[in-house]
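> got a predicted structure plus its sequence, pasted below:
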Amino acid sequence: MSRSVVASAVVVAVFVVHAAVHATHTFCEAGFSIAAADALARGDGLAPFPGAEWVESFDRPLWVALLSLPSALGLHTEWAAKVLGIGLGVGGLGLAAASVRQLGLRGWWPWLAALGLALHPWWTLWAAAGSGEVLFAVLLMGGLLRLALELEDPRRVPLGGVLLGLAGIARWDAVLPLGFVTLAVLVLGLRRGRTRWMVWTLGMMVVPALLWLGARLAMFGTWEAPWMTLWFRMFEGRFGAANRQFVRTTGRWLFELLPVAVFPVVLGLGVSLRRRSVPPLVGLLMTGLVGQYAAIWAVGGDWVFTGRRFHLVVALAMPVAVLGVHAAWTGLGRVPLVRAAVGVALVVVTANQMWWSARFVASPETTLDSLRRRVDHIRAHARAHHIRTMSLADPDPQAWMVDTDWPVVDLSGRSGWTSSRKRRAVRDRMLSEDGPTYVHIHAGWDQNYHMTSDPRWRHVFEEIAPYPIGPDRFHVGTWVRKTALAPECETGR
């Protein structure tokens, strides 16, 4: 058995064991796609509940389509999502190793990149999360690697654009990373006189995205996407508290990234520039990394404050980081203690990653299980008050769509807060006579929509007791319609 096969088996085993530690951790965002996949498998289309409006699953069509296959076969969709995610995570390890080989490194260096990704908690968490984020990452990584190979060998069939085109409909904010990659394709194509390749590649990248935008317009009658709403909120002409929090939190996560990617990447770029020949793959990876950071900035909110979206930043940076570590190991190896220092640094970085991973296990981020506490809480309240026919409005409707058949209004979806007219329309809908029985509207969303401060609110709704979310911690913000509590409603509405 060759050393390459043994190294592959070891790295994959490390990753699978690491992912198994997080196997019960399902990001709440996965609930959108799981519910939509189940609905698609039943023949109900992409509406995971009757009268569904915009939800995030509609901007992950590839992942929903993949999940609908095991769902149609009667398999547990949530666990199918995890198995598919872990399989894609393994594919990402192979792409990281292949990228290092493309940069000219052989021996154990490619497997160092794969192992670094296998041990990183963000990559592993997303793979086991069930939300399909790693699908976009693998398509983008594979597309960039293929573009680099095509630039080095003009005889290759231009298929990189196909992978990037699929990536464009794999995640709703893919437009920003792919926008930067488009600029790189234009520059590289013109510089190398590869006009035909450039046009073909850009066509395969852009056409799927345009088709998806058209389908979205046909289904929802709007071009508006959730990231636009968040963008308007962040850049509404003033640098408020939310923006300052974003900068602080991003800085904190970037500091955590320093030993993993930033320092080695700077060293790797320095080596390339010193040789006066930056490999196309290095330029493409850095372009994708900048685009992904732009997407993180535009989305903001929970995506940054929990650090979860940096999994793709790590994946794209890893091959260039290994190039930098290789330069330190070989170029400065004659200097006493340099190799020992590099070895110690790798051990420290690995220990730091394991600490973060253990921290996530001990105190996981928002999961479907945490939202299911809300489901149980409202169900118990409804039983206690004999409320039999129910509907709900919630900014986090994922667990409801997976575990109940209640009609749900998604407060975080199509309706936005970019104008006072939109905010007023959402409030009026909640307050109307045929509005939802329960409304869960916690602090941030309440501030956006100004619901509970509306003078009419407490005439229509009554707040129920909060539910526990940990030792001495409670989640407030659940309201029930007063007419549902009336004696004549005890047999159902």
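Great, that's in hand.
> where does the chain have low pLDDT?
Scanning the chain for pLDDT under 70 picks out the ranges 1, 47-58, 216-265, 267-277, 297-309, 332-334, 363-366, 413-419, 486-493.
> in it, which residue is most central in space?
residue 133 (4.5 Å; CA atoms, centre = their mean).
> nearest residue to that one in space, please, no chain neighbours.
Nearest non-adjacent residue to residue 133, counting by CB to CB, 6 or more residues apart in numbering: residue 126, 4.7 Å away. Any C-beta I mention is one placed from the backbone N, CA and C, and that applies to glycine too.
> thought the one you found was touching residue 311?
Yes - the pair residue 126 / residue 311 is scored as a contact, 4.6 Å apart, by CB atoms under 8 Å.
> so residue 430 touches residue 450, yeah?
No - using CB under 8 Å, residue 430 makes no contact with residue 450, being 11.5 Å away.
> who has more neighbours, those two?
Applying other CB atoms under 10 Å to residue 430 and residue 450 shows that residue 430 carries more neighbours, namely 22 against 15.
> list the residues that contact the residue nearest to the centre of the chain.
Contacts for residue 133 (CB atoms under 8 Å, 6 or more residues apart in numbering) come out as 126, 171, 309, 311-312.
> quick one: it from residue 68, how far?
Separation of residue 133 from residue 68 (CB to CB, to the nearest Å): 18 Å.
> swap in residue 312?
Distance from residue 312 to residue 68, by CB to CB: 25 Å.
> before we move on, what about residue 351?
For residue 351 relative to residue 68 (CB to CB), the value is 41 Å.
> so which of those two has more stuff around it?
Each of residue 351 and residue 68 has its neighbours counted (other CB under 10 Å); residue 68 has more, 21 against 11.
> right, and the helix or strand after whichever strand or helix holds that one?
Secondary structure from DSSP states H and E places residue 68 in helix 61-72. Where DSSP H and E defines the elements, the next helix or strand beyond helix 61-72 is helix 77-102.
> now do that following helix: distance to the chain's middle.
A distance of 15 Å separates the centroid of the chain from that of helix 77-102, by CA atoms, centre = their mean, to the nearest Å.
> which parts of that helix are buried?
Applying a neighbour-count criterion of 16 or more other CB atoms under 10 Å, one finds 77-78, 80-82, 84-86, 88-100, 102 buried in helix 77-102.
> for stretch 147-154, same thing?
Neighbour count says stretch 147-154 has 147-151 buried, by 16+ other CB under 10 Å.
> export these to CSV and tack on distance to residue 420 and secondary structure?
Shown next, in CSV, are the buried residues of stretch 147-154 (distance: CB to CB, whole Å; DSSP: H, G, I helix; E, B strand; the rest coil):
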residue, distance to residue 420, secondary structure
147, 45, helix
148, 49, helix
149, 52, helix
150, 50, helix
151, 50, helix
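> in TSV: these, plus distance to residue 201.
Formatted as TSV, the buried residues of stretch 147-154 follow (distance: CB to CB, whole Å):
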residue	distance to residue 201
147	7
148	12
149	12
150	8
151	10
